[in-house]
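Enquirer: turn this into a model:
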Amino acid sequence: MTVIVYILIMAAVTYLTRMLPLALIREKIRSRFIISLLTYLPYTVLAALTFPSVFYATSSTLASAVGCAVACVLAFFRVPMVLVALSASAASFIFLAF
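Expert: Below you'll find the model as predicted:
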């Protein structure tokens with residue numbers, strides 16, 4: 001029974017966070033600051049949630065840092081995301097192996 005209550009609460013919270021802005025904001029947003037805030041906020045939250053776990057993904061924080069550095073360098077040069085992920089994983093694996 002408690003699982004159903006949890007699911008209903010999660011559904012209500014999800015619905016309210018999506019419905020309230022639609023119901024409360026009737027006119028077009030003209031502020032460039034608010035538009036940019038709403039544009040970049042999801043990426044910022046995602047990065048804040050995932051970045052710390054990068055360093056605890058392996059038994060060695062240094063190996064994780066090496067993988068993160070490889071990923072950052074490759075992403076800077078606009079390498080496709082799949083290759084970035086594979087290269088970062090390979091770098092961490094190789095660092096842990098030696």
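
Enquirer: alpha carbons only for contacts and neighbour counts from here, please
Expert: Fine.

Enquirer: so for stretch 81-92, mean pLDDT?
Expert: Averaged across stretch 81-92, the pLDDT comes to 96.

Enquirer: now that stretch: how far from the chain's centre is it?
Expert: Chain-centre distance of stretch 81-92: 17 Å, with C-alpha atoms, centre = their mean, to the nearest Å.

Enquirer: in that stretch, what's buried?
Expert: Residues of stretch 81-92 classed as buried under the neighbour-count rule (16 or more other C-alpha atoms under 10 Å) are Val84, Ala85, Ser87, Ala88, Ser89, Ala91, Ser92.

Enquirer: just the CA trace of it, in PDB.
Expert: What follows is stretch 81-92, C-alpha atoms only, in PDB (Å, rounded to 0.1, in the frame of the first residue of the first chain):
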ATOM      1  CA  MET A  81      29.600  11.800 -27.500                       C
ATOM      2  CA  VAL A  82      29.900   8.000 -27.900                       C
ATOM      3  CA  LEU A  83      33.600   8.200 -28.600                       C
ATOM      4  CA  VAL A  84      34.000  10.600 -25.600                       C
ATOM      5  CA  ALA A  85      32.300   8.100 -23.300                       C
ATOM      6  CA  LEU A  86      34.200   5.100 -24.700                       C
ATOM      7  CA  SER A  87      37.600   6.900 -24.500                       C
ATOM      8  CA  ALA A  88      37.000   8.100 -21.000                       C
ATOM      9  CA  SER A  89      36.000   4.600 -19.900                       C
ATOM     10  CA  ALA A  90      39.100   3.100 -21.600                       C
ATOM     11  CA  ALA A  91      41.400   5.700 -20.100                       C
ATOM     12  CA  SER A  92      40.100   4.900 -16.600                       C
END
